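Colleague: let's see this in three dimensions:
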Amino acid sequence: MAMLGGSHSRISTAVRAPKTAELIAGSLRRQIVRGELKPGETLPPEAQLMEQYEVSRPTLREAFRILEAEALISVRRGSRGGAKVITPDMSVASRYVGLLLQVQGTTINDVYEARMVSEPACARLFALRRTSEDIEALTLIVDELKAEVAARMPFVPDPETWSRATYRFHELILEGCGNNTLAIQGGVLQDIVANHLRTRIAQSYDDEAPERFQRLIRSYSKFIALASARDAAGAEKHWHSHMKVAGQYLLNDGMKTKQVIDLFA
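Modeller: Coordinates of the predicted model:
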């Protein structure tokens, strides 16, 4: 027990000691994060690691399970098996953040509102920091969308193809903004509602559908032009407008009150 500032209240100082497996996982995790163990590299054999850490096989495998759950390694069993380092993708963070949002009863509108704050800021930074390769990558996506629309007329584009391409357009803006924190935050939020986007596209055929898809292509093209000119203020303003219009379509029919938990049902 410890006393703070003469207070009579007592605060427990008991702290659970980390398990041996957690300590081993922490050691390997640090090596992976620091680049000492690189993606695709196989960890030393179990016997070697058991000797290095002076632990039993069950303890080492418990450490492996911790790292597997964090998507830092994949473990293959058998005589030719072993633990291989992998690069965690956005879905890992999305899964945990999505779970937290579900528990709190967060709505899809709430997630989109957060994206409306962060993505236009990323668009501004992208226009300032973009490379010629960044512009080329966005242009290739627009070309792909144009080809998809032309091939499918008068019907709507294939939902999987369209959502993958549009997802990538947003992703490239986030990646090219030059701020890792904003990019990861935006990517996680985008990944959470990706399935909803695919569903909406699949349900989107009506008399206005062809023009709606053409408008999106024109909007993407305008953003590319603004970013090419390094018009940061214009890019931010346009992307905010783009997302506002897209949100009106994506969140209609009562979707504003639909909860994130419904996306994972």
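
Colleague: wait, Leu37 sits on Leu28?
Modeller: Yes: when contacts are counted by C-beta atoms under 8 Å, Leu37 is listed as touching Leu28 (7.1 Å). Heads up, the C-betas are built off the backbone N, CA and C, glycines and all.

Colleague: which residues of this protein score low on pLDDT?
Modeller: Residue ranges of the chain with pLDDT under 70: 1-17, 78-79, 152-156, 195, 198-209, 253-257, 261-265.

Colleague: again, 90 this time
Modeller: Scanning the chain for pLDDT under 90 picks out the ranges 1-19, 33-35, 69-71, 76-82, 87-109, 111-112, 148-164, 187-214, 246-265.

Colleague: strands of that one, residue ranges please.
Modeller: For the chain, the strands defined by DSSP state E cover 73-76, 82-85.

Colleague: what's the closest of these to Leu138?
Modeller: Among these, the nearest to Leu138 by C-beta to C-beta is strand 82-85 (31.4 Å).

Colleague: ok, back up a step: okay, and the common contacts of Leu37 and Leu28?
Modeller: Residues touching both Leu37 and Leu28 (C-beta atoms under 8 Å, 6 or more residues apart in numbering) are Leu43.

Colleague: so which of these two has more stuff around it?
Modeller: Leu28 (24 against 21; other C-beta atoms under 10 Å).

Colleague: identify the residues contacting the residue nearest to the more buried one when sequence neighbours are not counted.
Modeller: Distances taken as C-beta to C-beta, 6 or more residues apart in numbering place Leu67 nearest to Leu28, at 6.2 Å, with adjacent residues excluded. For Leu67, the contacting residues are 25, 28-29, 32, 73, 83, by C-beta under 8 Å, 6+ apart.

Colleague: same check, this time on Leu216
Modeller: 145, 166, 246.

Colleague: in the stretch 51-200 of the chain, which spans are helices?
Modeller: All helices of the stretch 51-200 of the chain, identified by DSSP state H, counting those that start in this stretch, fall at 57-69, 90-103, 108-129, 132-152, 159-176, 180-192, 194-202.

Colleague: tell me how far the second one lies from the chain's centre.
Modeller: It refers to helix 90-103. Mean C-alpha position of helix 90-103 versus that of the full chain (C-alpha atoms, centre = their mean, to the nearest Å) differs by 10 Å.

Colleague: quick revisit: just the buried ones among the contacts of Leu67, please.
Modeller: With burial judged by 16 or more other C-beta atoms under 10 Å, the buried subset of the contacts of Leu67 is 25, 28-29, 32, 73, 83.

Colleague: for the contacts of Leu67, give me TSV that also has distance to Val103.
Modeller: Listed next are the contacts of Leu67 as TSV, based on distance: C-beta to C-beta, whole Å:
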residue	distance to Val103
Ala25	25
Leu28	30
Arg29	26
Ile32	29
Ile73	28
Ala83	32
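
Colleague: that'll do, ta.
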